[in-house]
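> Below: sequence and its predicted model.
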Amino acid sequence: MTKTIIKKYSTAFKHHVVREYEKGSSIRYLKNKYAIGGNNTIKQWIEKYSRQGLRHKLMVIQHPEEQGQVKDLKEKIAQLEKAVAQLTLDKLMLEATLETVEEELGEDVKKSGAPPSSNGRTNEADHKETP
């Protein structure tokens with residue numbers, strides 16, 4: 001059993017790293033130089049201890065109509081994802097029911113020309129040659 005190593009950095013060390021950042025060092029460089037884990041560790045220190053804050057912040061500029069469109073599209077995607085999930089469940093349920101019926105009857109019930117099911121089974125009758 002290996003023990004997890006938890007690093008705890010002193011406030012003085014954090015200030016030192018932030019000062020290097022303020023002088024122009026990149027976050028990636030500082031992370032590698034001091035073997036600092038976590039993707040947001042140094043960013044959090046900068047936000048807490050820096051006089052200037054992060055050098056780069058993402059700002060999205062949109063018209064109000066665009067914001068509404070993005071919101072509507074996200075809602076539509078969520079609805080479609082739910083519909084796909086429900087249809088997948090329905091299909092699996094129907095396939096399981098069909099499989100149970102076929103087992104009870106001892107023969108294939110599917111119509112010929114039907115596509116293979118999601119479980120990879122194909123209808124054996126589709127592959128038989130007729131005389």
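Nice, I can see it.
> what residues go with each domain of this structure?
For the chain, automatic domain parsing gives the domain ranges 11-49, 64-110.
> Determine which stretch of those domains is the most buried.
domain 11-49 (a mean of 14; mean count of other Cβ atoms under 10 Å). Quick note: C-beta positions are derived from backbone N, CA and C, even for glycine.
> Just the endpoints, please. Distance across it?
The separation between the terminal residues of domain 11-49, taken as Cα to Cα, to the nearest Å, is 9 Å.
> now do stretch 21-29
9 Å.
> quick one: average confidence on stretch 37-54?
Stretch 37-54 shows a mean pLDDT of 85.
> Distance from that stretch to the middle of the chain?
Relative to its parent chain, stretch 37-54 has a centroid offset of 26 Å by Cα atoms, centre = their mean, to the nearest Å.
> Same question for stretch 77-92.
17 Å.
> got the contact list for Val17?
By Cβ atoms under 8 Å, 6 or more residues apart in numbering, the contact set of Val17 is 30, 34, 36, 42, 45.
> Look up how far Lys7 lies from the fourth one.
Note on Ile42: its distance to Lys7, by Cβ to Cβ, to the nearest Å, is 13 Å.
> How about the second one?
Note on Tyr34: its distance to Lys7, by Cβ to Cβ, is 10 Å.
> coming back round to it: farthest-apart pair in the contacts of Val17, please.
Tyr34 and Trp45 (11.2 Å; Cβ to Cβ).
> Point out the ones among the contacts of Val17 that are inside helices.
Of these, the ones assigned to helices by DSSP state H are 30, 34, 42, 45.
> For the third one, list the residues it contacts.
I take that to be Ile42. Ile42 neighbours (Cβ under 8 Å, 6+ apart): 17, 21, 27, 30-31, 36.
> For Gln69, state which of those is nearest.
Using Cβ to Cβ, these come closest to Gln69 at Ile27, 33.6 Å.
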